[in-house]
Structures are given as structure tokens and as C-alpha cells.
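> my questions are about this predicted structure, shown below with the sequence.
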Amino acid sequence: MEEGFFNLKSLREQVYEYLKIQLNEGKLEHGAFLNLNAISAEMGISKTPLRDALFQLEAEGFVTIYPRRGVKVNTLTLEKIRNIYQILGGLEGAVLVEVASKFRKKDVDAMSQFNEEMKDALRRNDFERFYSRNLDFHNAYLELSENTDLLRTVRILKERLYEFPRSKGFLKECEVESTGEHDRIIEFLAKGDFNGAADYIRDVHWSFAVQERYIRKYYFGLAAQTTER
């Protein structure tokens, strides 16, 4: 990559996206310090755009910069997942109430279609389709919001959960339960009960206490269920 080919801002964005892909593919391991010299050499760039991209990744929670020690990839701990679930539940619930006046039958129909496609993807063991339609389901109401700061926060937190690195397989019992919860959300929305839908998203769908048994299996394996209690 020739640094002079891009302006400084676009080069920083290029480096940021490159590092996010490396995180997504698991090439930058949790808890490991980054080899900044190797990254600079591989991309053919100076340390300036790399440093700027790392500042952004630190602000988003993906890495921690330790002065005079280096840059460490953050580990997704059970406590961090608990915090993310609580934040997402509150924010998504708030959006549903906010966009109630904009919500139309076509939006409910779209969510229903996305959820049916998720169920079909489960039957076909098509994880990529399931993952994509799950995001589409939630985006059907999130994208009705004009609160760009909130939407950015939701996007980053979901990247922390789902793309750190990106899973390539199912925890079927969890995914089946999730589509059932989606059906319940759709029922609330079809009746125009946005407060009920918001409460359900916060208190069930994004509740760490409700989902903990699945979270432990999905992120930490069966052995983790008996630890950290």
C-alpha cells in the first residue's frame, strides 16, 4: 500500500478497516500485544496512520494502549458481555419507543420475514445467512431512529459481541430461543404495544440474567458454566 496514494484521513480509515478485519478473522489474538513494526511493514505505511487507527480502536473498546508498553487486544470477559447486554437492552428498547410514530405494518412484515429466514438458515446450517438476517431484524427498527450517536454505539457494541472474532457456527439451542423471542417482539409490535416490546427486549432478549446460560456456552464453552459465579 502506497501511503501517498491516499490522503491522511482515508489512509487512517484504510488502516482501521484492515485491523478490524484482522480482529474479525482472529488473526489478532485476545490478550496479545500487537507487533506494530510488523503491521507497518506489511501495509507499507508509517506509524502515524497506524497510531491514529489504534486510537479509534481504543475508543471503541477493541484495544488498550499502554504507554511505553504497547497496544494490547482486549479480552471479551463475562463482565464486559454483561455490561454490553445491559447497554444494548436499554438502547434498543429506547429506540422502539422513540420510533413508534414512524413504525408501519410493512416494518412488522419485514421483521417477520427476516425471522422466518433466520429459522430457515438454522435448518440449513447456514450461519452467515442467519447472522445477516439477525442484524436485519434489529435494524428494521433501529434504522428508523435519527439518533446517529446511539446507532453508532449499538453497532460498535454488536461488533464487540459478534465479530471479535466472527463465529462460524451455531449454538442451536440459543439460536432457536432467539427466533422465538423475535416472534414475541413481533407480536407486541403487531398490536402496537411498543412499551411492551421495549420491556421485552430489555428484560428478556438482551437480559444477561436470562441469557447467561447461553452466553457461557457460546463464548466460554461448557466448562465456563461452573465458573465465575
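Structure's in. What do you need?
> neighbours of Lys47, how many?
Using other C-beta atoms under 10 Å, Lys47 has 12 neighbouring residues. From N, CA and C alone the C-beta is placed, and that goes for glycine too.
> okay, helices next: where are they in this structure?
Taking DSSP state H as the criterion, the chain carries its helices at 8-24, 36-43, 47-59, 78-98, 105-124, 127-142, 148-162, 172-190, 194-200, 208-215.
> mean pLDDT for these - can I get that in TSV?
Formatted as TSV, the helices of the chain follow (pLDDT from 0 to 100):
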stretch	mean pLDDT
helix 8-24	86
helix 36-43	93
helix 47-59	94
helix 78-98	98
helix 105-124	97
helix 127-142	96
helix 148-162	96
helix 172-190	97
helix 194-200	98
helix 208-215	96
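> want to throw those helices into a markdown table with distance to Gly70?
Listed next are these as a markdown table, based on distance: least, C-beta to C-beta, whole Å:
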| stretch | distance to Gly70 |
| --- | --- |
| helix 8-24 | 14 |
| helix 36-43 | 7 |
| helix 47-59 | 10 |
| helix 78-98 | 21 |
| helix 105-124 | 40 |
| helix 127-142 | 32 |
| helix 148-162 | 21 |
| helix 172-190 | 36 |
| helix 194-200 | 42 |
| helix 208-215 | 30 |
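> which one of these lies nearest to Tyr66?
Ranking the helices of the chain by proximity to Tyr66 (C-beta to C-beta) places helix 47-59 first, at 10.2 Å.
> CA atoms of that closest one as PDB?
C-alpha atoms of helix 47-59 as PDB (Å, rounded to 0.1, in the frame of the first residue of the first chain):
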ATOM      1  CA  LYS A  47       3.400   4.800  12.300                       C
ATOM      2  CA  THR A  48       1.200   7.900  12.100                       C
ATOM      3  CA  PRO A  49      -1.900   6.500  10.400                       C
ATOM      4  CA  LEU A  50      -1.400   3.300  12.400                       C
ATOM      5  CA  ARG A  51      -1.400   5.200  15.600                       C
ATOM      6  CA  ASP A  52      -4.500   7.200  14.600                       C
ATOM      7  CA  ALA A  53      -6.400   4.000  13.800                       C
ATOM      8  CA  LEU A  54      -5.400   2.500  17.100                       C
ATOM      9  CA  PHE A  55      -6.700   5.500  19.000                       C
ATOM     10  CA  GLN A  56     -10.000   4.900  17.300                       C
ATOM     11  CA  LEU A  57     -10.000   1.200  18.200                       C
ATOM     12  CA  GLU A  58      -9.100   2.000  21.800                       C
ATOM     13  CA  ALA A  59     -12.100   4.500  22.000                       C
END
